[in-house]
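Chemist: Take this sequence and fold it.
(one chain, ligands or ions: 1)
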Amino acid sequence: MPRKRTKDKVELANKVRSGWEILKDRLGEVESYNREYIEFLTRVKTEREAVAYCRECARRDKGLILIENRGKMIAVCRKGSVPLTNGVRIIAAHIDSPRLDLKANPLYEDVDFAMLKTHYYGGIKKYQWLARPLALHGVLVKEDGSIVSVVIGEDANDPCFTIEDLLPHLAANAQYSKKLSDAFQAEKLNIIIGSRPDLEVKDNKVKEHVLRLLHETYGIVEQDFVSADLEIVPAGPAREVGIDRSMVGSYGQDDRVCSWAAFAAVRDLKHAVHTSIALLVDKEEIGSEGNTGAKSRFIEEILWELAGRFKEEIIPSRVLFRSKAISGDANGGLDPDYPEVHEKSNAARVGYGVCITKFTGARGKVGASEANAEYMAAMRSYLNRNSIPWQTGELGKVDEGGGGTVAKYLAEYGMDVVDMGPALLSMHSPFELSSKVDTFSTYLAYRTFLEEV
Ligand SMILES: [Zn+2]
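Modeler: Presented below is the predicted three-dimensional model:
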């Protein structure tokens with residue numbers, strides 16, 4: 001919401017302006033940014049694929065330094081003109097998204113269907129995953145350490161998978177009369193993977209047929225599922241939405257909308273005072289745990305690595321204390337069908353630019369990292385100065401729910417950090433919705449932060 005400042009008139013009220021109005025002379029840039037973003041969303045559906053895609057995009061740029069953690073977390077860095085001891089600039093975003101993971105022993109046969117057992121990952125509404133085309137992405141690692149990568153269900157000629165749903169005629173007792181949380185159970189989220197029997201075998205004919213096909217195509221055996229990261233995700237490409245093509249619809253925009261913007265910001269940076277880091281983390285959707293999540297202290301490893309390359313002596317904790325960061329994460333936009341969950345004057349609106357969230361958490365800011373007033377002032381100052389559409393937001397009205405981001409794991413090091421990302425509709429669903437001006441505003445906000453703050 002950049003203010004118009006004329007010599008004789010100060011605008012007293014905080015008037016929010018649409019991103020479409022502020023960016024009306026930059027629509028060509030909005031379109032070309034979103035074309036790249038849609039391609040990223042279509043090609044990348046897992047954290048491993050996000051890392052590989054960034055690696056590929058960065059290949060020819062000698063100024064980019066890539067530091068990876070187990071293929072599921074990556075730092076994309078560019079050297080600044082001052083030493084690391086002056087602090088660095090970090091934009092952190094996550095590359096994992098809610099999905100269904102396969103269990104360690106997933107394959108079974110029931111009533112002549114071969115099925116895969118799943119365990120959902122992150123916050124999903126289970127009913128949204130039924131009766132729709134699904135794809136399988138991931139890796140299996142064989143006993144000898146060799147990796148088999150699979151993507152099945154994305155190409156138009158591929159088969160896809162699905163979870164069946166009960167017909168309405170018979171759903172009265174099993175679904176309609178129950179609470180939503182009881183009507184759809186996690187142990188019923190089973191993937192149908194085949195139905196044709198192997199006529200040569202005696203028992204488990206359909207399962208045996210699937211195993212034979214898997215072995216012929218991928219050289220894998222059933223025990224290989226034990227050492228695998230296999231994810232079931234919605235099949236199909238990201239799309240433009242609306243007769244005016246003003247929106248992007250896709251799985252995984254939380255938080256690839258911010259992780260792509262962070263990557264592109266560091267990639268496109270011409271020169272910056274401080275060393276810039278796009279820190280793309282895994283495991284945010286399950287609490288940032290694990291050796292590839294934000295709690296893994298990988299940020300310290302990144303600094304050791306950069307110091308080695310720059311031939312600098314550093315103490316990572318001091319560098320981090322002097323650093324500034326944006327925690328890039330998607331926010332829930334003001335919902336046209338459920339406005340009652342928001343407090344309208346503080347809800348982020350789709351189409352009004354990147355959203356700054358001073359604090360997250362729930363029930364009295366519990367679990368939040370709150371940005372201080374000074375840092376908020378620095379943010380609005382550079383956004384206004386550069387006419388970047390922005391707004392403030394909170395995740396629902398007080399005591400309605402809430403959520404957290406990786407901000408607090410960066411704040412643990414004592415650096416300044418604030419949440420900043422676009423507002424989405426249908427967040428955490430198989431088809432999340434963003435506005436093209438918001439995705440572009442997020443990119444502009446990140447790049448300019450690296451250049452000016
Ligand atoms: Zn998120």
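Chemist: Which residue, other than its chain neighbours, is closest to residue 61?
Modeler: Distances taken as CB to CB, 6 or more residues apart in numbering place residue 267 nearest to residue 61, at 6.7 Å, with adjacent residues excluded. To be clear about C-beta, it is placed using only N, CA and C from the backbone, and glycine gets the same treatment.
Chemist: Isn't that neighbour up against residue 58?
Modeler: Yes. Between residue 267 and residue 58 there is a contact under CB atoms under 8 Å: 6.7 Å.
Chemist: Are there residues contacting both of the two? Which ones?
Modeler: 64, 76 (CB atoms under 8 Å, 6 or more residues apart in numbering).
Chemist: Now do the strands in the stretch 151-300 of the chain.
Modeler: Taking DSSP state E, counting those that start in this stretch to define them, one finds strands in the stretch 151-300 of the chain at 191-194, 228-234, 239-241, 247-250, 276-281.
Chemist: Export these to TSV and append columns for mean pLDDT.
Modeler: Below are the strands of the stretch 151-300 of the chain laid out as TSV (pLDDT from 0 to 100):
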stretch	mean pLDDT
strand 191-194	98
strand 228-234	98
strand 239-241	98
strand 247-250	98
strand 276-281	98
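Chemist: Relative to residue 379, which of those is closest?
Modeler: strand 276-281 (16.6 Å; CB to CB).
Chemist: what does that closest one contact?
Modeler: Strand 276-281 has contacts (CB under 8 Å, 6+ apart) with 50-51, 54, 73-78, 80, 88-96, 259, 262-263, 265-266, 269, 288, 292-294, 298-299, 302, 406, 450.
Chemist: what about residue 176, distance to residue 187?
Modeler: 20 Å (CB to CB, to the nearest Å).
Chemist: and if you look at residue 344?
Modeler: Per CB to CB, residue 344 is found 40 Å from residue 187.
Chemist: do residue 439 as well
Modeler: 37 Å.
Chemist: The two: who's more crowded?
Modeler: residue 439 (26 against 8; other CB atoms under 10 Å).
Chemist: Centre of the chain to the helix or strand of the chain with the lowest mean pLDDT, how far?
Modeler: Using mean pLDDT, DSSP states H and E, the weakest-scoring helix or strand in the chain turns out to be helix 407-411, at a mean of 89. Offset of helix 407-411 from its chain centre (CA atoms, centre = their mean, to the nearest Å): 17 Å.
Chemist: How about the residues of the protein by the ion?
Modeler: Neighbours of the ion within the chain, by CB under 5 Å from the ion: 254-255, 329.
Chemist: out of these, which are inside helices?
Modeler: Taking DSSP state H as the definition of helices, the residues of the chain next to the ion contribute 254-255.
Chemist: so what's residue 270 up against?
Modeler: Per CB under 8 Å, 6+ apart, neighbours of residue 270: residue 451.
Chemist: Distance of it relative to the ion?
Modeler: Separation of residue 270 from the ion (CB to the ion, to the nearest Å) stands at 29 Å.
Chemist: cool, and residue 415?
Modeler: Distance of residue 415 to the ion, given as CB to the ion: 20 Å.
Chemist: just checking, that residue touches residue 319?
Modeler: No. The criterion here is CB under 8 Å, and residue 415 misses it with residue 319 at 9.2 Å.
Chemist: Can you pick out the residue with more neighbours from those two?
Modeler: residue 319 (24 against 20).
Chemist: Quick one: residues contacting that one.
Modeler: Counted by CB under 8 Å, 6+ apart, residue 319 has contacts 84-85, 87-88, 303.
Chemist: Same question for residue 184.
Modeler: Residue 184 is in contact with 126-127, 130, 175, counting by CB under 8 Å, 6+ apart.
Chemist: now swap in residue 359 and tell me
Modeler: 365, 368-371, 394.
Chemist: again, only this time at 10 Å
Modeler: 365, 367-371, 394-395, 407, 418-419 (CB atoms under 10 Å, 6 or more residues apart in numbering).
Chemist: out of these, which are buried?
Modeler: For the contacts of residue 359, a burial check counting by 16 or more other CB atoms under 10 Å picks out 368-371, 394-395, 407, 418-419.
Chemist: The residue of the stretch 301-450 of the chain found nearest the ion: neighbour count?
Modeler: Residue nearest to the ion within the stretch 301-450 of the chain: residue 329 (4.3 Å; CB to the ion). Using other CB under 10 Å, residue 329 has 27 other residues around it.
Chemist: Enumerate every residue touching the nearest residue to it once chain neighbours are set aside.
Modeler: For residue 329, ignoring the flanking residues on the chain, the nearest one in space by CB to CB, 6+ apart is residue 405 at 4.3 Å. Contacts of residue 405 were listed using CB under 10 Å, 6+ apart, and they are 92-94, 255, 258, 284, 288, 294, 327-331, 357, 360-361, 368-369, 395, 417, 419-421.
Chemist: Can you tell me which of the residues you listed are classed as buried?
Modeler: The neighbour-count test (16+ other CB under 10 Å) marks 92-94, 255, 258, 284, 288, 294, 327-331, 357, 360-361, 368-369, 395, 417, 419-421 as buried among these.
Chemist: Restricted to helices, list those residues.
Modeler: Going by DSSP H, the helices hold 255, 258 from those.
Chemist: circling back to that earlier point, make JSON lines from the contacts of residue 184 and add neighbour count to it.
Modeler: Listed next are those as JSON lines, based on neighbours: other CB atoms under 10 Å:
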{"residue": "126", "neighbour count": "17"}
{"residue": "127", "neighbour count": "13"}
{"residue": "130", "neighbour count": "15"}
{"residue": "175", "neighbour count": "16"}
